[in-house]
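[1] Return a 3D structure for these sequence lines:
(one chain, ligands or ions: 1)
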Amino acid sequence: MARLIVVSNRVSIPDPTGKSSAGGLAVALREAFQGREGLWFGWSGKVSAHPSAEPKVIDKGHVRYALMDLTATDRREYYSGFANRALWPVMHYRIGLSEFSRADYAGYLRVNRSFAGALARLIRPDDLIWVHDYHLIPLASELRALGLANRIGYFHHIPWPAPEVIGTLPGSQDLLRAITDYDLVGVQTERDADNLRRGILQECDATQHAADVIALDGRQTRVKGFPIAIDMSGFEQAARRPATHRLIRQTVASLGSRSLIIGVDRLDYSKGIPERMESFERFLISNPDQCGRVTYLQIAPTSRSEVPEYASLSRTVSETLGRINGAHGEPGWVPIHYVTSAYPRSVLAGLYRIARVGLVTPMRDGMNLVAKEYVAAQDPEDPGVLVLSKFAGAAEQLGGAIIVNPNDKAEVAEAIGVALHMDRAERIARWRRMREVLRRYDISWWTNAFLKELAGQRRTQKARSPASV
Ligand code: ADQ
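    Numbering: from 1, shown residues only. Below you'll find the predicted structure:
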């Protein structure tokens, strides 16, 4: 079997204690290495004044981890700048938040080039290379420019927007061309695949070769939806274990006979956290009898706090939270509980299980693994109800949820009411539909489907010049 080379911005090295709180992507990629020799290459997360051009290598069983440090300028331009301040907002349809600078874009290309140089020295001719996410779109072009003819796949974890939206970003034409240096490109949904293919066709003078194949300059790239999945059985098992963690015990004790609504998200404007809190407030105003009878727990670990838009979001969330709790709270009842720590998977699973409603209302999301984890953790005899944004990729698969438009706070408020009052038979019927989908399309399906398709691609890619500013 060919070696698997995974490349992602951050690398998740297994925790020697086994008590991993690894996020969904880390779990997914570890699954990809099951039973095969491999290498996982990426940024160490560290900044150094004079980073080595060679990665630091750590061997763990059959997987080798190769870690690159960045300079402070690299980190600012490549990571915080172009990836998270320019690309991320545009990919989430937030054109107004996107801050483009030529220096950041040059830094993005520079880091991709230096990663490609270090990686190329570790590659063997028959290795399968699987690149992840928007930080590394030009990597295949840089590897091809170094003469690599390996099969290279790319998975895009976040939405791919309509051509008119991505077209607002300076450099987008280069990025679309760079995509065609991959043999296989996976996105979360059919909508994303259609957007990406149309973007390449419109901007790059490419031709459509088959329903999902684009041809450009003698190369062929297949662009397809591969909805990312979760470790369904692992989550089901974790949720069945008795809850011993302090947060779960405290939550159960403070709830008493109240119903729990749960939201779990990285603190990111794409997740719609202040909007969700205001929808919950609408629910309380429309249903005064529910005051004191329902508690909303929002778990939101801080992320990307060096990016100004995230610091501003943090202030907005604190103000919204304080205002709603001040206006509607009563002695002995706080409407919204808010925590910002990271928790092990077992704790999240235990909290999902006791929540009557999973409130997952991003303004835009590639997939949203929390929606899937919430479903996986439910008690089959007495499941809760998922309220899910139509703009999460997960909505294409989870038709058993109550699907809402997060821009309509009244609609979300009504959905909360419907979810809280739904009878058991309907809850079970809806939940079973979703569980069947998640069991059939679980994490092994996802990794196998992508890698099988990548391994089966005909080699049409040749060396070419990398994208330039
Ligand atoms: P994210 O934007 O990070 O991922 P999501 O899909 O919801 O969003 O995944 C978050 C993961 O982090 C989940 O597995 C969740 O359990 C975990 N997590 C959240 N809060 C946590 C906490 N407090 N403690 C521990 N773990 C926590 C990006 C895209 C998504 C896409 C994923 C995977 O933005 O759209 O679904 O990649 O492709």
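[2] Do me a favour and average the pLDDT over the lengthiest strand in the chain.
    The longest strand of the chain (DSSP state E) is strand 38-47. Average pLDDT, strand 38-47: 96.
[3] elements contacting the helix or strand just after it?
    Per DSSP states H and E, the first helix or strand lying C-terminal to strand 38-47 is strand 56-60. Applying 3 or more C-beta pairs under 8 Å, 6 or more residues apart in numbering; DSSP states H and E, we find strand 56-60 packed against strand 63-70. C-beta: built from backbone N, CA, C; applies to glycine.
[4] Each with direction, which strands does the strand it packs on pair with?
    In the sheet, strand 63-70 lines up against strand 38-47 (parallel), strand 56-60 (antiparallel) (DSSP bridges).
[5] For the lowest-mean-pLDDT helix or strand in the chain, which outside residues touch it?
    Lowest on mean pLDDT, DSSP states H and E among the helices and strands of the chain sits helix 24-32, with a mean of 77. With C-beta atoms under 8 Å, 6 or more residues apart in numbering as the contact definition, helix 24-32 has outside contacts at 4, 6, 8, 12, 14, 20, 22, 38, 40, 130, 132, 157, 228-231, 234, 369, 373, 443-444, 446-447, 451.
[6] The same query, at a cut-off of 10 Å, please.
    Residues from elsewhere that reach helix 24-32 (C-beta atoms under 10 Å, 6 or more residues apart in numbering): 4, 6, 8-14, 20, 22, 38, 40, 63, 130, 132-133, 155, 157, 228-231, 234-235, 345, 367-370, 372-373, 442-444, 446-448, 450-451.
[7] In PyMOL, how would I select just the buried ones from those residues?
    Remark: buried members of the contacts of helix 24-32, expressed as a PyMOL selection using 16 or more other C-beta atoms under 10 Å:
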select buried, resi 4+6+8+9+10+11+12+20+22+38+40+63+130+132+133+155+157+228+229+230+231+234+235+345+367+368+369+370+372+373+442+443+444+446+447+450+451
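[8] So which of the contacts of helix 24-32 reach the ligand?
    Among these, proximity to the ligand is found for 157, 228, 367-370, 373 (C-beta under 6 Å from any ligand atom).
[9] Please produce CSV containing those, extended by pLDDT and secondary structure.
    Converted to CSV, these look like this (pLDDT from 0 to 100; DSSP: H, G, I helix; E, B strand; the rest coil):
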residue, pLDDT, secondary structure
His157, 96, coil
Ile228, 96, coil
Met367, 97, coil
Asn368, 97, coil
Leu369, 96, helix
Val370, 97, helix
Glu373, 96, helix
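[10] Near the ligand, which residues of this protein are found?
    21, 23-25, 157-158, 228, 264, 266, 299, 301, 342-343, 348, 365-370, 373.
[11] sorry, back to before: closest one to Gly358 out of the ones next to the ligand among the contacts of helix 24-32, please.
    Minimum distance to Gly358 across those is 7.5 Å, recorded for Val370 (C-beta to C-beta).
[12] Hmm, Ala394 and the closest one touching each other?
    Yes - with contact defined as C-beta atoms under 10 Å, Val370 reaches Ala394; the gap is 8.7 Å.
[13] Pull up the overlap in contacts between those two.
    Residues touching both Val370 and Ala394 (C-beta under 10 Å, 6+ apart): 360, 362, 386, 388.
[14] Can you name the two of those residues that sit furthest apart?
    So, the shared contacts of Val370 and Ala394 by C-beta to C-beta: farthest apart are Pro362 and Leu386, at 13.1 Å.
[15] between the two, what contacts are shared?
    Between them, Pro362 and Leu386 share these contacting residues under C-beta under 10 Å, 6+ apart: 370-371, 394.
[16] out of those residues, which one sits closest to the ligand?
    Val370 (4.3 Å; C-beta to the nearest ligand atom).
[17] Now the closest residue to the closest one other than its chain neighbours, what are its backbone angles?
    Spatially, and ignoring its direct neighbours in sequence, Val370 is nearest to Val264 (4.8 Å; C-beta to C-beta, 6 or more residues apart in numbering). Per-residue torsions, Val264: phi -130, psi 120 (degrees, to the nearest 10).
[18] Just list the residues touching Val264, thanks.
    Counting by C-beta under 10 Å, 6+ apart, Val264 touches 271, 297-301, 339, 343, 348, 351-352, 355, 358-360, 369-371, 373-374.
[19] Pull up the gap between Ile152 and the ligand, please.
    Note on Ile152: its distance to the ligand, by C-beta to the nearest ligand atom, to the nearest Å, is 19 Å.
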